[in-house]
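Peer 1: need a 3D model of the following:
(2 chains)
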2 protein chains.
Amino acid sequence: MLSKNQIKYITQLKQKKYREQQNVFIAEGIKVIQELINAPLELVHLYSTKEWQTKLPATLFTMISEAELKKISSLTTPNQCLALFKMKEIKTLKNKGLKLALDAVRDPGNLGTIIRLCDWFGIEDLICSKETVDVYNPKVVQATMGSLTRVNVFYTDLEEYLKRSESPVFGTFMEGENIYKQSLPNEGIIVMGNEANGISKEIEDLVTRKVSIPRFGDLQQTESLNVATAVAIILSEFKRGN
Amino acid sequence: MLSKNQIKYITQLKQKKYREQQNVFIAEGIKVIQELINAPLELVHLYSTKEWQTKLPATLFTMISEAELKKISSLTTPNQCLALFKMKEIKTLKNKGLKLALDAVRDPGNLGTIIRLCDWFGIEDLICSKETVDVYNPKVVQATMGSLTRVNVFYTDLEEYLKRSESPVFGTFMEGENIYKQSLPNEGIIVMGNEANGISKEIEDLVTRKVSIPRFGDLQQTESLNVATAVAIILSEFKRGN
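Peer 2: Residues are numbered from 1 along each chain as shown, chains lettered A, B, ... in the order given. Alright, predicted model coming up:
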């Protein structure tokens, strides 16, 4: 049974401002919640329409109805349970290795998918400009499918960060060099741009190697790839070896 | 101004059954609608909160309010206009070249992104099992960003189709051979499976070459890639050349 105050508290956590005040975020669905518990992240509370598979302290668990879950869920089709977790501490970034940087990626599904890709390809640090969607947005958490706990997502002034960096900075541009023909290093920063506008002018000026993913369609009318699928192709190229 | 009957008609078109009865589907947003008009697909009607950039016959155009658009839109944030189009004729499949086949891909965003990838990589035929989400689902149309008109999407009994085919059939499996080390042909069918369950047993039996996308993460806990990002990596590998 949920009180009005609990519903209000959870609903407020859908907003970044409240998440940051409380240092708490929402995760939904059995698989994601299980991964976060195992990570381990600190569970604040679990609300579920069914008993949880492993015994939890009574103070951490509340059985709720389907109707109550619908009230607090951000999903069109709520999936049995919703949990609140403490945000994880931001670790310091590694200085070595390949990093991905996002210049104002706005879509929660895209960020979630990109985090999953970082996890798959062993990219430990994901640097996000301050205009990038919040990693603790419920839809991002959902789309990461648990990968969230294995990738350091670090928000910063991207322009300042790149200015201070000594690594090569890669960016995709129509006029860039064919990525399939490049020898690609094990160290560097790959910058990906906003869904509608690509990489901003300020960041473009800091890119030291422009690359492109060739198109193969006859008609050549496809304007662009979705940013998450472009990340998939680029990370695959960096990691596949020659 | 929209009548109750018009609202009902458009709302019904969100269901596959009505789309097929009427042979009409919904597209939303300026960019997608413009691409479909240019394709050209037959415009049935355009509803917009602003004047359209090019003059349309009065019988094809209705100005509506933001509130009315909200009533008929499938989007959380409706984007200025919604149009109805006649479905395009299904062309016959080419016998040559590389094809992609989907075994029960259910998520509209995934199908839309996959169609966009086919367009980018010059895959002309996309074969969908009957359990795959409908290509004219408004969210699929939205996610294709117009690529819909440049890819033949063909629904069929996938098992029967593969049984009759003489091309090699590729499928991704954990135990498959490292795709980065394979010599990949210019002809064949690449099968991708359902989001939760992968490729079904019946279809697996028809796969002649099992491949895998290697994971690079240290922890190796990522269970799987999103199907659209896996398609991106696989099509990239088939097309990049050695």
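Peer 1: need the pLDDT of A:S74.
Peer 2: At A:S74, the model reports a pLDDT of 89.
Peer 1: for chain B, what are the nearby residues on chain A?
Peer 2: When proximity is defined as CB under 8 Å from any CB of the partner chain, chain A approaches chain B at A:109, A:113, A:116-117, A:119-122, A:145-147, A:150, A:180, A:213, A:215-219, A:221-223, A:225-226, A:228-233, A:236-237, A:239-241. Every C-beta, even on glycine, is put in place using the N, C-alpha and C of the backbone.
Peer 1: try 6 Å this time
Peer 2: For chain A, the residues in contact with chain B (CB under 6 Å from any CB of the partner chain) are A:113, A:117, A:119-122, A:147, A:150, A:180, A:215-217, A:219, A:222, A:225-226, A:229, A:232-233, A:236, A:239-240.
Peer 1: ramachandran angles for A:L117?
Peer 2: phi -70, psi -40 (degrees, to the nearest 10).
Peer 1: which residue ranges of chain A form helices?
Peer 2: In chain A, the helices defined using DSSP state H lie at A:4-12, A:16-22, A:30-38, A:66-72, A:108-120, A:138-144, A:158-164, A:201-204, A:227-240.
Peer 1: show me what the longest strand belonging to chain A is packed up against.
Peer 2: Secondary structure of chain A per DSSP state E: the longest strand is strand A:169-178. Judged by 3 or more CB pairs under 6 Å, 6 or more residues apart in numbering or on different chains; DSSP states H and E, strand A:169-178 is in contact with strand A:188-192, strand A:209-212.
Peer 1: counting by contacts, list what the last one packs against.
Peer 2: Read that as strand A:209-212. Counting by 3+ CB pairs under 6 Å, 6+ apart, strand A:209-212 packs on strand A:169-178.
Peer 1: one step back: highest average neighbour count across the helices of chain A?
Peer 2: Mean neighbours per residue, mean count of other CB atoms under 10 Å in any protein chain shown, is largest over the helices of chain A for helix A:108-120, with a mean of 26.
Peer 1: now do it, average pLDDT.
Peer 2: Rounded mean pLDDT across helix A:108-120 is 95.
Peer 1: quick one: contacts of it?
Peer 2: By CB atoms under 6 Å, 6 or more residues apart in numbering or on different chains, the surrounding residues in contact with helix A:108-120 are A:100, A:105, A:126, A:133, A:137, A:139-140, A:143-145, A:147, A:150-151, A:227-228, A:231-232, A:235, B:215, B:217, B:222, B:225-226, B:229.
Peer 1: who does the longest strand of chain A pair up with?
Peer 2: Taking DSSP bridges as the criterion, strand A:169-178 forms sheet pairs with strand A:188-192 (parallel), strand A:209-212 (parallel).
Peer 1: ok now the first one, how far from the chain's centre?
Peer 2: If you compare the mean C-alpha spot of strand A:188-192 with that of the full chain, they lie 15 Å apart, counting by CA atoms, centre = their mean, to the nearest Å.
Peer 1: give me the contact list for that strand.
Peer 2: By CB under 6 Å, 6+ apart, the residues outside strand A:188-192 that reach it are A:98-103, A:167-171, A:227, A:231.
Peer 1: what of the shortest one?
Peer 2: By CB under 6 Å, 6+ apart, the residues outside strand A:209-212 that reach it are A:P168, A:F170, A:G171, A:T172, A:F173, A:G176, A:E177, A:I179.
Peer 1: for the third one, which non-adjacent residue is spatially closest?
Peer 2: This points to A:G171. Counting by CB to CB, 6 or more residues apart in numbering or on different chains, A:G171 lies nearest to A:V207, which is 3.8 Å off, once chain neighbours are set aside.
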